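Trainee: Got a sequence here, can you model it:
(chains A, B, C and D)
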Protein chains: 2
Amino acid sequence: MLTVTTANVNGIRAATRKGFASWLTDTTADVVCLQEVRATEDQIPDEVLAVDGWHTLWAPAADKGRAGVAVLSRHEPTRRQVGFGSQEFDTSGRYVEIELPDVTVGSLYLPSGETGTERQDQKERFMKEFAAYLIDLKHRNSQAGREVVICGDWNIAHQEIDLKNWKTNRKNAGFLPEEREWLTHLYDEVGYVDVVRRLHGEVPGPYSWWSYRGRAFDNDAGWRIDLHVSTPGLAERADTAVVERADSHDLRWSDHAPVTVTYQH
Amino acid sequence: MLTVTTANVNGIRAATRKGFASWLTDTTADVVCLQEVRATEDQIPDEVLAVDGWHTLWAPAADKGRAGVAVLSRHEPTRRQVGFGSQEFDTSGRYVEIELPDVTVGSLYLPSGETGTERQDQKERFMKEFAAYLIDLKHRNSQAGREVVICGDWNIAHQEIDLKNWKTNRKNAGFLPEEREWLTHLYDEVGYVDVVRRLHGEVPGPYSWWSYRGRAFDNDAGWRIDLHVSTPGLAERADTAVVERADSHDLRWSDHAPVTVTYQH
DNA sequence: CTTACGAAG
DNA sequence: CTTCGTAAG
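Mentor: This next block holds a predicted model:
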């Protein structure tokens, strides 16, 4: 059995001030993928940098205070990788990967983009390069008889059921037709599986991100953009998915909620 | 009787979040001089921008988020003035002045400086120009039979009794020999009076500013830099000076404390 | 609305 | 240590 959690912490220093460290102490997950760490190792609070019982791999962005991903694992990884072989993105704190004995786990923070800007162009360049990487990754692991799961903040809601206000967001970054089609391609043609959607059924939610603006959280005006994207063999083993929507504002340490999946065997 | 308070609010927006508005509601002062407002009128919370029963004069800096002074008066001023006729400093949010029937009140935020830098040069240029203004102001008002008081954050501690750690600050901006001599000149030669010092006696304090760094407030490692500098006739009428050191951290809305003087007649 | 950086105090 | 502006989300 393997339990994997993905959580965009939106600044691990702010999150730690608000209770992230005790969440980490309490979790029963075997692997935790983090995004938007927004700190270098020397800036990360000790209680989470060298957290007892975990092997950690941190990949900060070259650009201070931005992005940054990590993977924490109770078992020692057999391989560690920062980036995915991209000239442009490997120092941008957007991807790390570890190998465990029978599964490869990636932590992804896809650029959020902003419709009609240079940042949206960058997001699309990332999507193109990363899709090629995912195709190769699947082939390599398939030949080795291994499974793969890429967890993280994909910054794309796939279907109308993946965000509360889909009608008003059709022209906004995160729900653009080309972004949605990119995920469709990954699922239907490359053969990856959106694990939480499969477990939850084709009904709205479960959302994992609520903007800090307005009353998005209280109105549950959320988006499901924190995904577990796995190879079919691993997806078959998934039996539970939980989104830790902390209903008490006191328990919230990020604008995203942790998304946890348990894989049997 | 005239009660005048001077208070460096260190950002009126932050101060308002921390209780400045109720301090203003509760004060019995007739005139309140503010410094480091750090906001334009459209950014100032309504509850203090158009506070009931006060005539207000705001002078923001051209440079957003910096400096900014104001005078609030229960009586309608007979004249309002922004700046002191300085090409360099009149749009820097460092001086405003109002005339009441028998007294002129200025609110001053003197540049803080930083030893050995361009900002210290700027402070000294300000001091030079402002001293010339104060000499002229005194003459003009004296001829008109009027009194003058310039309240504000002068950013200079005059004597050793005006700051806790005078020994270690002899080479730091705010306690440099040339700055101290400038005040001495204003008092001994131009003829202005340091009202609070006169009332308090030649004993340490009362401090009105404690750095947010370290434990300055808890250790009372303060500076007396928020002054009432008046003409001798008005100084004669001063009978009480109070520094509102809010001992409960919950009541503190600035790193400076309000300094209030009551003038009789 | 919130994060982090940087300049200023 | 805190303010604010700024960029980013």
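
Trainee: Where do the strands of the stretch 101-250 of chain A begin and end?
Mentor: With strands called from DSSP state E, counting those that start in this stretch, the stretch 101-250 of chain A shows them at A:103-109, A:147-153, A:193-194, A:209-210, A:222-223, A:226-230, A:238-243.

Trainee: for those, which one sits closest to residue A:165?
Mentor: strand A:222-223 (8.9 Å; CB to CB). C-beta here means a position set from N, CA and C on the backbone, and glycine is covered the same way.

Trainee: Just the buried positions in stretch A:66-81, please.
Mentor: Going by neighbour count (16 or more other CB atoms under 10 Å in any protein chain shown), the buried part of stretch A:66-81 is A:67, A:68, A:69, A:70, A:71, A:72, A:73, A:77, A:80, A:81.

Trainee: ok, which of those residues also contact DNA strand D?
Mentor: Among the buried residues of stretch A:66-81, the ones lying close to DNA strand D by the criterion of CB under 7 Å from any atom of the strand are residue A:67.

Trainee: Put together TSV for the strands of the stretch 101-250 of chain A, with mean pLDDT on each row.
Mentor: Formatted as TSV, these follow (pLDDT from 0 to 100):
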stretch	mean pLDDT
strand A:103-109	98
strand A:147-153	98
strand A:193-194	98
strand A:209-210	96
strand A:222-223	96
strand A:226-230	98
strand A:238-243	98
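
Trainee: quick one, what contacts the closest residue to residue A:202 other than its chain neighbours?
Mentor: Counting by CB to CB, 6 or more residues apart in numbering or on different chains, residue A:161 is the residue found nearest to residue A:202 once chain neighbours are left out, at 6.5 Å. Residues near residue A:161 by CB atoms under 8 Å, 6 or more residues apart in numbering or on different chains: A:202, A:203, A:204, A:205.

Trainee: again, only using 10 Å
Mentor: Residues counted as contacts of residue A:161 (CB atoms under 10 Å, 6 or more residues apart in numbering or on different chains) are A:197, A:200, A:201, A:202, A:203, A:204, A:205, A:224.

Trainee: Write out the residues of the stretch 1-150 of chain A neighbouring DNA strand C.
Mentor: A:10, A:11, A:12, A:13, A:14, A:15, A:18, A:38, A:39, A:43, A:64, A:65.

Trainee: Put the buried members of the residues you listed into a ChimeraX selection.
Mentor: Of these, the buried ones go into a single ChimeraX selection, burial set by 16+ other CB under 10 Å:
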select /A:10,11,12,13,15,18,38,39
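
Trainee: I'd like the residues of the stretch 1-150 of chain A next to DNA strand C laid out as a markdown table, including secondary structure and pLDDT.
Mentor: Converted to a markdown table, these look like this (DSSP: H, G, I helix; E, B strand; the rest coil; pLDDT from 0 to 100):
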| residue | secondary structure | pLDDT |
| --- | --- | --- |
| A:10 | coil | 97 |
| A:11 | coil | 97 |
| A:12 | helix | 97 |
| A:13 | helix | 96 |
| A:14 | helix | 96 |
| A:15 | helix | 96 |
| A:18 | coil | 94 |
| A:38 | coil | 97 |
| A:39 | coil | 97 |
| A:43 | helix | 95 |
| A:64 | coil | 95 |
| A:65 | coil | 96 |
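
Trainee: Closest one of the residues of the stretch 1-150 of chain A next to DNA strand C to residue B:247?
Mentor: Using CB to CB, those come closest to residue B:247 at residue A:18, 29.0 Å.

Trainee: hang on, the earlier thing: in strands only, show me the buried residues of stretch A:66-81.
Mentor: Among the buried residues of stretch A:66-81, the ones falling in strands (DSSP state E) are A:69, A:70, A:71, A:72, A:73, A:80, A:81.

Trainee: Those residues: which two are farthest apart?
Mentor: The span of these, defined through CB to CB, is set by A:72 and A:81 at 15.2 Å.

Trainee: Dump stretch A:256-264 to PDB, restricted to CA.
Mentor: Extracted in PDB, the C-alpha atoms of stretch A:256-264 (Å, rounded to 0.1, in the frame of the first residue of the first chain):
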ATOM      1  CA  HIS A 256      -4.900  24.800  -1.900                       C
ATOM      2  CA  ALA A 257      -6.000  21.700   0.000                       C
ATOM      3  CA  PRO A 258      -3.900  18.500   0.200                       C
ATOM      4  CA  VAL A 259      -5.100  15.800  -2.100                       C
ATOM      5  CA  THR A 260      -4.400  12.300  -1.000                       C
ATOM      6  CA  VAL A 261      -4.700   9.000  -2.900                       C
ATOM      7  CA  THR A 262      -4.100   5.500  -1.500                       C
ATOM      8  CA  TYR A 263      -2.900   2.800  -3.900                       C
ATOM      9  CA  GLN A 264      -3.400  -0.800  -2.800                       C
END
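
Trainee: Give me the buried positions along it.
Mentor: Those would be A:256, A:257, A:258, A:259, A:260, A:261, A:262, A:263, for stretch A:256-264 by 16+ other CB under 10 Å.

Trainee: Isn't the third one up against residue A:252?
Mentor: No. Using CB atoms under 10 Å, residue A:258 and residue A:252 do not qualify as a contacting pair, with a distance of 11.0 Å.

Trainee: nearest spatial neighbour of residue A:182, skipping sequence neighbours?
Mentor: Leaving aside its chain neighbours, residue A:182 sits nearest to residue A:127 (5.2 Å; criterion: CB to CB, 6+ apart).

Trainee: just residue A:126 next, same as before
Mentor: Closest residue in space to residue A:126, ignoring its immediate chain neighbours: residue A:111 at 5.3 Å, by CB to CB, 6+ apart.

Trainee: Pull the number of nearby residues for that neighbour.
Mentor: 20 (other CB atoms under 10 Å in any protein chain shown).

Trainee: How about residue A:41?
Mentor: If you count neighbours by other CB under 10 Å, residue A:41 ends up with 12.
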